Each structure stands twice: as C-alpha cells, then as structure tokens.
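Asks: here is the input, now give the coordinates:
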Amino acid sequence: AVGQEAEHRMETVGKLFSFFFKDEKTKISGDAVILMTEMLKIFVEEAARRSVKQADAEDCDLVDIEHFEKILPQLLLDF
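Replies: Here you go, the predicted model:
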C-alpha cells in the first residue's frame, strides 16, 4: 500500500509532467509516474548529499546555493 504522502508526491509529479505535454490527449501511465517519482527522489537526495560534502570540503557549517551550483554539472552528467 502506498502512503498518503507518497500518493501526493506521485500526483504532483504526474501534474508536472502533464504541463509539458503538447497534446491534451497525451497521458502518462501510473507506472511511469511511480518510476519518475522515485528517480526525482533519488536525484534530490543525491544533490543534498553532494552539496553537504562540498560544504564540508570548504569547511562550511551551512550548505548554501553556491555549494549546490558547484556539484550540479557533475550531478547532471551522472544522471
């Protein structure tokens, strides 16, 4: 069974995808939404991990947008 939070997350991802469809008749399957929701979750978690690691490497106690910007090019290549 899928929890309510996960259902809301999948609904949000489904709606985001539908914004980019050129034809109103285009649909996205439930399995595709589940897969993309999981991929986005993994992507965000990895971005957070790498940003924290970058901040640590710079002896910073706070992760800032600059840390994220530094890790983003490699993160996008890895995904």
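Asks: helix, strand, or coil at Asp23?
Replies: Following DSSP: H, G, I helix; E, B strand; the rest coil, Asp23 is assigned to coil.
Asks: what do you get for the one 5 residues further on?
Replies: Taking three-state DSSP as the rule, one finds Ile28 in the coil state.
Asks: and the residue nearest to it when sequence neighbours are not counted, what does it touch?
Replies: Leaving out its chain neighbours, the residue that sits closest to Ile28 by CB to CB, 6 or more residues apart in numbering is Phe17, at 5.3 Å. Any C-beta I mention is one placed from the backbone N, CA and C, and that applies to glycine too. Remark: with contacts taken as CB atoms under 8 Å, 6 or more residues apart in numbering, Phe17 is in contact with Ile28, Val33, Met36.
Asks: buried subset of those residues as a PyMOL selection?
Replies: The buried residues among the contacts of Phe17 can be selected in PyMOL (16 or more other CB atoms under 10 Å) with this line:
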select buried, resi 33+36
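Asks: closest to Glu11 among the contacts of Phe17?
Replies: When the contacts of Phe17 are compared for distance to Glu11, the smallest value, 8.3 Å, is given by Val33; criterion: CB to CB.
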